[in-house]
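Engineer: could you look at this predicted model? Sequence included:
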Amino acid sequence: MIRLDSLCKRFGEVVAVDGATLRIGRGELVALLGPSGCGKTTLLRLIAGYETPDAGAIEISGTRVASAGRATPPERRRVGMVFQDYALFPHLSVAENIGYGLARRLRPARVPALLDLVGLDGLGRRYPHELSGGQQQRVALARALATEPEVVLLDEPWSNIDPLLRGRMRDELALILARIGVTVLLVTHDREEAFSLAGRIALMRDGQIVQCGAPEELYLAPASRWAAEFVGAGNFLPGRLVQGRVETSLGTFAPLNPNGHTRVQVLVRPELLILTPDPLGRGEVVGREFRGHDVFYRVRLDDGQTLVSQRPSTELVSLGARVTVQPHEAPVPIFA
């Protein structure tokens, strides 16, 4: 449905998008994940047609809509976009906002159907300032869906929402989008949002897409140390490859990606470290964050190294306790 080939965009001396390549299938929900300033929103605006690429090409549903210096206007791309601030017209009612881009003859049937789809039936006469943040977001989504687009682009849709409401709103939005089977590209810097919603994640850094895959692939088999650190907490231990195993100070592991190097850095995720209370253990619990279903520990070893461990809340270990640290037997990524 979406094909990006070596896409580039500059603003003066700033390279916002640098050779980005991506494929998104029909009906997929893909998250574009990366830190602030990495080029995510610019990439979204290139797909929507609000920016023109300096190099590369964009295809939507098999039709080329942009290449160097040339672009199909946004209204002819069958792309709907939900902006970060929703961009609702304050002087128009909810129904008028939703129907704004529709031909007048289509509004009487289409607008009520969209209000029902997004769960705002009966609120068509209200104005944006009379709605909650979540309701405003659903109006923006309904407006984006009004012209029956093939692709919906979401730009940080929960950035202005109370953190306590984000989980529920993510679920609501996912159900609405799944019901209509539209192709979705979600831009976010929030790892939890990307992991909970997307079937695949495109990880972006400095204008480039550095890895693309299922959430579990990015977490368990990151392509680089930067990717490993961005998508989750981890312990990096010096190791040495010996006869197909990697030896570390905590024990030996099976390497997930032997890379020809003997001296390597080993990534051990927190949930792979087991803590056992032991007065003679070589580690001390120096930090503890209770999070309900699990507990996040910081453990300082006698050699001064600090490790992080994530354990179920049924395995409580007290702050200051001496512990033995043991790794699970699981393949681990290694980096040169």
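Structural biologist: Thanks, I have it. In this text the structure is predicted, and so the values were computed from the model without any measurement.
Engineer: which parts of this structure are helices?
Structural biologist: With DSSP state H as the criterion, the chain has helices at 40-48, 94-98, 107-117, 133-145, 163-180, 191-197, 215-220, 225-231.
Engineer: compare the mean pLDDT across those and name the weakest.
Structural biologist: When the helices of the chain are ranked by mean pLDDT, helix 163-180 comes last with a mean of 81.
Engineer: who's in contact with it?
Structural biologist: Contacts to helix 163-180, defined as C-beta atoms under 8 Å, 6 or more residues apart in numbering, come from residues 29, 117-119, 133-134, 137-138, 141, 145, 152, 157-158, 161, 184, 193, 196-197. All C-beta atoms are positioned from the backbone trio N, CA, C, and that covers glycine.
Engineer: please redo it, this time with the cut-off set to 10 Å
Structural biologist: Contacts with helix 163-180, where a contact means C-beta atoms under 10 Å, 6 or more residues apart in numbering, come from 27, 29, 82, 117-119, 132-134, 137-138, 141-142, 145, 148, 152, 154, 157-159, 161-162, 182-184, 186, 190, 192-193, 196-198.
Engineer: any stretches of this structure with poor pLDDT?
Structural biologist: Where the chain drops to pLDDT under 70, the residues are 160.
Engineer: 50 instead, please
Structural biologist: Low-confidence segments of the chain (pLDDT under 50): none present.
Engineer: residue contacts, R10?
Structural biologist: Contacts for R10 (C-beta under 10 Å, 6+ apart) come out as A16, V17, D18, T42, P53, D54, A55, G207.
Engineer: Serialize the residues you listed to TSV and add fields for neighbour count.
Structural biologist: Formatted as TSV, the contacts of R10 follow (neighbours: other C-beta atoms under 10 Å):
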residue	neighbour count
A16	22
V17	29
D18	18
T42	23
P53	26
D54	16
A55	16
G207	23
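Engineer: from those residues, which two are the most distant?
Structural biologist: T42 and A55 (13.7 Å; C-beta to C-beta).
Engineer: run a quick neighbour tally on the closest residue to E289 other than its chain neighbours.
Structural biologist: Leaving aside its sequence neighbours, E289 sits nearest to F296 (C-beta to C-beta, 6 or more residues apart in numbering; 4.2 Å). F296 has 15 neighbouring residues, counting by other C-beta atoms under 10 Å.
Engineer: residue contacts, F296?
Structural biologist: Per C-beta under 10 Å, 6+ apart, neighbours of F296: A233, P270, G287, R288, E289, F290, V308, S309, Q310, R311.
Engineer: and it, how far from P331?
Structural biologist: For F296, the distance to P331 (C-beta to C-beta, to the nearest Å) stands at 23 Å.
Engineer: do the same with I24
Structural biologist: Separation of I24 from P331 (C-beta to C-beta) stands at 29 Å.
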